[in-house]
Every structure is written in structure tokens, then in C-alpha cells.
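Asks: Fold the following and give me the result.
(one chain, ligands or ions: 1)
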Amino acid sequence: MNLLLAGDFDEAERADWAAALAAALPGHRLCLQRGELPDEAIDAAIVANPPPGSLAGLPRLRLIQSLWAGVDRLLADTALPPGVPIARMVDPAMNQAMAETALWATLALHRGFFTYAAQQREGRWAPHAQRRADEVSVLVLGFGQMGRTVAGQLQQQGYRVAAWRRHAAPAGEADPAGLLVHRGADGLARALPQSQVLINLLPLTADTRGLIDGRLLAALPRGAGVVNLARGAHVVDADLLAALDSGQVGQAVLDVFHTEPLPAGHPYWRHPRVVVLPHAAAMTDARSAAAVVARNIDALAAGRPLAHRVARDAGY
Ligand code: GLV
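Replies: Numbering: from 1, shown residues only. As a prediction, the model looks like this:
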């Protein structure tokens, strides 16, 4: 197969991906630039948020394999070839990285470690009451690959965990033992007042954009922690800042933003109760992800079903 790598990589990232993919895909030709082979020869594109229009005019294209788990930016490309299957990145190593970030944030919220870090900056010695994990309720928004891994590991850590998914589970799919999965708008309304920690892992779609707004935040218990590990556009920033300033939200941990990098001078940078991460909660690891890509390229070559197909109309 002739493969095209396209993305907004810097040179070092491009070289890393080229090496990892070349090693995982022996027997296939990997083009690092459009034009290395005629457009008519490209069978599949391996992409990391390529600039809009990058995949237009490839008549033989039969697979767009994303190196990102979230495909919202890819789907926003109005010149994306219609009808070509898209697959998202699903890599257990990435799910595990996300679980680590969610565990760290939850532990720090539960045990007051963010508060202690702030107290240190003020030179203030003040221990607070110590709660048990089973006294802390966590709601995971989104119950896909990452949401399940995160919810499972939080449960193992002893937290009271519930999850929320927008839609009913596919027929025949049971919820994991001991985990309450809320569904739909009513389910969310029931779950929020009992959730001291809210962890967002939803895909960004027309239905989830702006979901974390003033109304949702007001339904949480006072002082709740908000952890956004999905996309910045899930959050209405002005509403979150107002909720932080009023004390309705006690602490926010934000990995993702409307504009990335987060612009200099944005109120989140210096807010005393916001922790900013540079979209680093779960980065695609070329070492394991290249093998995931190779399995799908091999499936395409052999005419087998592709894994992790994106439903374009659903947006994930
Ligand atoms: C990261 O945000 C990803 O979607 O892979």
C-alpha cells in the first residue's frame, strides 16, 4: 500500500512518526509529503490534524487513519473526501496515560494537594480534614474507551464512581459491575448534584460543545472539582471562571482549551484555583500507536473490516 503521512507536526515529531511507522509497516511505502508519489497512487492517509484541504484530490484513498483519539478537528475540514472511512486512534497505552492523569487529578482534589500547593506559595501551614476515597463521588462524562478505563481505575482506587453517556448502550452491552451509568439529559441532571469531582472525557460534537456551562456547573455540589481532559470547547470559559470566582467550583484542572496553546494573558494561566496542563493528559505514543495503525493498514490490504471506524454523522 502507498501511505501518506500528514499532520501539523514539527520536524522532530515527523521524524519520530516516520521511523515508528516505517518499522511497523514493512512492505508498505510511506510518503512524508504530498507529491512524493502521484496523488492517484495513495491508498491510505495517516493523519494528525492535517491542515484543512490536505486530503483533497486523492482519488484512490480508502482509509484515513487518525493518530489522534479525538477527530473533531479532522471532521471540521470541509474538504475531507466524502465517503472515505475514517478510523480514530484507540491505543491501550493512551487510555492508561489518560487514567493516570485522571487519577492524579482526583487524588489531588480529594486529598487537598492543590490547596496545599497554594498554601505553600503563601508560606501557610494548615492541615485539613482527611477524607477516605469512598467518601468522594466522581462522575466521568463519556463512556468510550477512555471513560471506561478511567472509571475502572478510579473504582479500583476506592472512589464512588458513576459515568454518564449521552445515549443508551448498544443492544446487548451490559454496564461494568458496580458502576452506575447514567444516560441522557435526565440522567445527567440526576448525577450532577452527587458528583464532587467531574471528569470530562466526551468527544467534541455539535451535541457536546458548550455542555459544561453555568447551568451544569450550578447543579454540582458547592466546591466541586472540574477536570477537563477532552476538548476546550466543551466548556463555556466565562461560566467556569464565574463559578470558580463564586466558589461554586472549588478547583479546575484543565488540559484543553478553546485556543491552544492557551494564549498569554488568559485568565486561566494565573487563576489561583486553576491548574493548566499543556494538552498533555494522554499523548499518542508513536511506539504503541504505530502498531495500531499497522493493524488497520493490514486489514485494509487484506479486505478485512477496519477497526475503530468513525461515524461521521455522530462526529466520533
Ligand atoms: C488528544 O487530544 C487526542 O485526541 O488524541
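Asks: Please make it C-alpha for all contacts and neighbour counts, starting now.
Replies: Will do.
Asks: which residues touch the spatially most central residue of the chain?
Replies: For the chain, the residue lying nearest the average C-alpha position, counting by Cα atoms, centre = their mean, turns out to be residue 230 (3.8 Å). With Cα atoms under 8 Å, 6 or more residues apart in numbering as the criterion, the residues that contact residue 230 are 200-204, 255-256.
Asks: Beyond whichever helix or strand residue 64 is part of, next helix or strand please.
Replies: Counting by DSSP states H and E, the element that carries residue 64 is strand 63-66. Counting by DSSP H and E, the next helix or strand C-terminal to strand 63-66 is helix 72-75.
Asks: Residues of the stretch 1-150 of the chain that sit close to the ligand?
Replies: For the stretch 1-150 of the chain, the contact set with the ligand under Cα under 6 Å from any ligand atom comprises 68-70.
Asks: top of these by neighbour count?
Replies: Ranked by neighbour count under the definition other Cα atoms under 10 Å, those are headed by residue 69 with 23 neighbours.
Asks: pretty sure that one contacts residue 90?
Replies: Yes - if you go by Cα atoms under 8 Å, residue 69 and residue 90 touch, sitting 6.2 Å apart.
Asks: Could I get the full set of strands for the chain?
Replies: In the chain, the segments counted as strands under DSSP state E are 2-7, 29-31, 44-48, 63-66, 86-87, 137-141, 160-165, 180-183, 197-200, 224-228, 249-254, 274-276.
Asks: Relative to residue 141, how far out is residue 103?
Replies: Counting by Cα to Cα, to the nearest Å, the gap between residue 103 and residue 141 amounts to 15 Å.
Asks: If you count surrounding residues, which of those two has more?
Replies: Looking at residue 103 and residue 141 with other Cα under 10 Å, you find the greater number of neighbours at residue 141, namely 24 against 17.
Asks: For the more buried one, give me its contacts.
Replies: Shown here is residue 141, whose contacts under the criterion Cα under 8 Å, 6+ apart are 147, 163-165, 198-202.
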